[in-house]
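Enquirer: Show me how the following folds:
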Amino acid sequence: MRERGFTLVELVVVLAIIGTLLAIGSMQFSSMQRKSLIEAQTRKIYNTLTDVRVQAMYTKTPRIVLLSTSQLQIYSSATTAGANPISVVPLTFPIVMSSGANRVWYDARGMQVVSDRSICIEPGGVALNPGYIDSVVVTTARTYMGKRQTGGACVPASIDQK
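Expert: Prediction:
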């Protein structure tokens, strides 16, 4: 009489193969999730700055966005001294700005008042990251997203527009 079923060796081999495939898949999933979060934060910064610019034009009042490593603070006037922000946008990953660029200031026409600014995301304090987009550049009349060149500083000249 012949018995049906699998031997113990066959079951162990199948479980080892499944375990290996799951380990490889989870490593790839973690990397893709990190990339997605970096790109989502870049889009959040871009959308916030674009919205503030539109608000400045619509209300015909200056707006300021103060940048820190962990948040964006939005003010509804040209001065931030002693004023409370009208909105605070928390950030998941730390950001760095081009030198001296801790604020983005839009006048009543929606034009940036000071020189060009760039904002780069640096997860873990490292300039290299897997995101397709990881930077926002704000010029006098325009805002765009891009990818920082490998080894480049966080300045508009080192960011490729996407």
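Enquirer: K35 sits in which helix or strand?
Expert: helix 8-59 (DSSP states H and E).
Enquirer: what packs against that helix?
Expert: strand 63-67, strand 71-75, strand 87-90, strand 103-106, strand 117-121, strand 135-138, strand 143-148 (3 or more CB pairs under 8 Å, 6 or more residues apart in numbering; DSSP states H and E). C-beta coordinates here come from the backbone N, C-alpha and C atoms, glycine included.
Enquirer: what's the most buried one of those?
Expert: strand 135-138 (a mean of 27; mean count of other CB atoms under 10 Å).
Enquirer: quick one: strands adjacent to that strand?
Expert: Its sheet considered, strand 135-138 pairs with strand 117-121 (antiparallel), strand 143-148 (antiparallel) by DSSP bridges.
Enquirer: quick check: angle from the shortest one to helix 8-59?
Expert: Put plainly, it is strand 117-121. Orientation note: strand 117-121 sits at an angle of 160 degrees relative to helix 8-59 (axes from the mean of the first three to the mean of the last three CA atoms, to 10 degrees).
Enquirer: Now do strand 117-121: distance to the chain's middle.
Expert: 9 Å (CA atoms, centre = their mean, to the nearest Å).
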